[in-house]
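> Got a sequence here, can you build the structure:
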Amino acid sequence: MPGEAGERELMVTAVRLGERGRRSAPPNPWVGCVLARDGEVVGEGFHVRPGESHAEVVALAAAGDGARGATAYVSLEPCAHHGRTASCADALVTAGVRRVIVALDDPDPRVAGEGIARLQHAGVEVTVGPGAEEAQASLAPYLHHRRTGRAYCLLKTAMSIDGRTAAADGSSRWITGPDARADAHRLRAESQAVVVGAGTALADRPTLTARDVPPPDRQPVRVLLDARGVVPARGPLFDPALAPTLVVTTGAATPAAVDEWRAAGAKVEVVERASLGEGVDLAAVLELLGRHGVLQALVEGGARVHGALLQAGLVDRIVVYVGGTVLGERGAPAFALPGPESIDGAARWRLAAVAPVGADARLEYEPDEGPPKGRA
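Below is the predicted model of the structure:
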């Protein structure tokens, strides 16, 4: 049996395997599994896409007879229910796995401890916790979705050194270089929805597809927040050949605008208006996306949407690309929100990661309380 360091190393391998399904597995979790016996890895697997075998079953198939008496390292609790695939807990028992190491409990109500209980009832030794921090970081959007019902809100912006997203005349191409833009497209490919407000849609006529990266199995849905129906159904955002489009609006939009969106092939959903301002209720938007199977929503603008999400406390992570330019006080700010009267009232964010991206920098922030550690 490997020691604590060896167990953690094998679990980190399982987490990394799971990451290979990050783009294709949603709305299922991207899970990895490693089977080891007598200190040797005998099987590995990850969940590729819904309807296909889960990580444990793939690893068991790779191991064959080597699975009997082995230890399984799984980045998330094995499922105990039968859906489009059979129970992974049952598969591990049938294969004769002696011990199962689980990084995190699965908060999905269909699992929620049942997988672990089934393994233990069958006499399989179960340990929960090794590699929990790595698994938590990897699976954060999935875990958030299953715990809250809302899509995980990833706010992305590109800014100058002095925190501006556009020059005084509104021009913003290009604050960052090609490497940073390619990295941002990777974020799109890892998200199930890309969200913009009406102002950004009118000013930029964006496409909002994932490009400059290996093509995902499916493009993220483009989500337009337009409370009053001001964005016409024209341009690449409404080209169904590129990707699906969802317009989230309110009762303030005219029937003509709604009909135009639908005639262009967009799906339209109506939510309540925000309690403050003229926009949509953003909490309702994230809940709506969660019901549509969106685990991670990448919010790309504009400043008002960003500011409203921050003010409402709905942002789960911020990714900032900083380009090497200065735009001055007449440039557009990244976040349009009133802000606190005093520094004592400022919301605090924790720097989670920093990395150079070509000639630019990528900063990632989490709410100061940080992600929960240990058991999910």
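
> Identify each buried residue in the helix or strand where residue 179 lies, please.
Applying DSSP states H and E as the criterion places residue 179 in helix 178-189. By neighbour count on 16 or more other CB atoms under 10 Å, the buried set for helix 178-189 is 179-181, 183-184, 187-189. (Glycine included, C-beta is placed from N, CA and C.)

> which helices and strands sit right next to it?
strand 152-159, strand 317-322, strand 349-357, strand 360-367 (3 or more CB pairs under 8 Å, 6 or more residues apart in numbering; DSSP states H and E).

> one more time with 6 Å, if that's ok
strand 349-357 (3 or more CB pairs under 6 Å, 6 or more residues apart in numbering; DSSP states H and E).

> Going along the chain, name the helices of the stretch 51-200 of the chain.
55-63, 88-94, 114-121, 132-148, 178-189, 198-204 (DSSP state H, counting those that start in this stretch).

> how about those, which one is nearest residue 338?
Closest to residue 338 of the helices of the stretch 51-200 of the chain, according to CB to CB: helix 198-204, at 17.9 Å.

> Give the next helix or strand downstream of that closest one.
Assigned by DSSP H and E, the successor of helix 198-204 is strand 221-225.

> any chance of the buried residues of helix 178-189 in TSV, with distance to residue 12 and pLDDT too?
TSV is the format used below for the buried residues of helix 178-189 (distance: CB to CB, whole Å; pLDDT from 0 to 100):
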residue	distance to residue 12	pLDDT
179	27	94
180	28	93
181	30	92
183	23	94
184	27	94
187	23	95
188	26	95
189	23	94
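
> ok, so of these, who is nearest residue 48?
residue 189 (15.2 Å).

> The closest one is in contact with residue 210, isn't it?
Yes - Residue 189 is in contact with residue 210 according to CB atoms under 6 Å; the separation is 3.9 Å.

> shaky segments in the stretch 51-200 of the chain?
81-85 (pLDDT under 70).

> now the residue nearest to the spatial centre of the chain: how far from residue 161?
Centroid check for the chain by CA atoms, centre = their mean gives residue 296 as the closest residue, at 3.0 Å. When distance is defined by CB to CB, to the nearest Å, residue 296 is 28 Å away from residue 161.

> what's the answer for residue 209, then?
When residue 209 is compared with residue 161 (using CB to CB), they lie 29 Å apart.

> and those two? which has more neighbours close in?
residue 209 (19 against 13; other CB atoms under 10 Å).

> still on that earlier bit, ok, the buried residues of helix 178-189 vs residue 269, which is closest?
residue 188 (21.0 Å).

> what residues are up against that closest one?
Contact analysis of residue 188 by CB atoms under 6 Å, 6 or more residues apart in numbering lists 194, 210, 220, 298.

> Tell me which two in those residues are the farthest apart.
210 and 298 (9.8 Å).

> who's more crowded, these two?
Counted by other CB under 10 Å, residue 210 and residue 298 do not tie: residue 298 has more neighbours, with 28 against 24.

> Now do the SS call for the more buried one.
The three-state label given to residue 298 by DSSP: H, G, I helix; E, B strand; the rest coil is strand.

> Tell me the spatial nearest neighbour of it, not counting adjacent residues.
Using CB to CB, 6 or more residues apart in numbering and skipping residues adjacent in sequence, the residue nearest residue 298 is residue 191, 4.0 Å away.

> same deal with residue 234?
In space, residue 234 is closest to residue 264, 7.8 Å off (CB to CB, 6+ apart).

> just residue 168 next, same as before
residue 330 (3.8 Å).

> before we move on, what about residue 22?
Closest to residue 22 by CB to CB, 6+ apart is residue 30, at 4.5 Å.

> so how many other residues sit close to that neighbour?
The burial count for residue 30: 27, using other CB under 10 Å.

> you'd agree it is in a strand?
No - per three-state DSSP, residue 30 lies outside any strand segment and is coil.

> which ones are touching it?
By CB under 6 Å, 6+ apart, the neighbours of residue 30 are 18, 21-22.

> among those, which are in helices?
When the contacts of residue 30 are checked against helices (DSSP state H), the matches are residue 18.

> so can I have JSON lines of the contacts of residue 30 showing distance to residue 86?
Formatted as JSON lines, the contacts of residue 30 follow (distance: CB to CB, whole Å):
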{"residue": "18", "distance to residue 86": "19"}
{"residue": "21", "distance to residue 86": "18"}
{"residue": "22", "distance to residue 86": "23"}
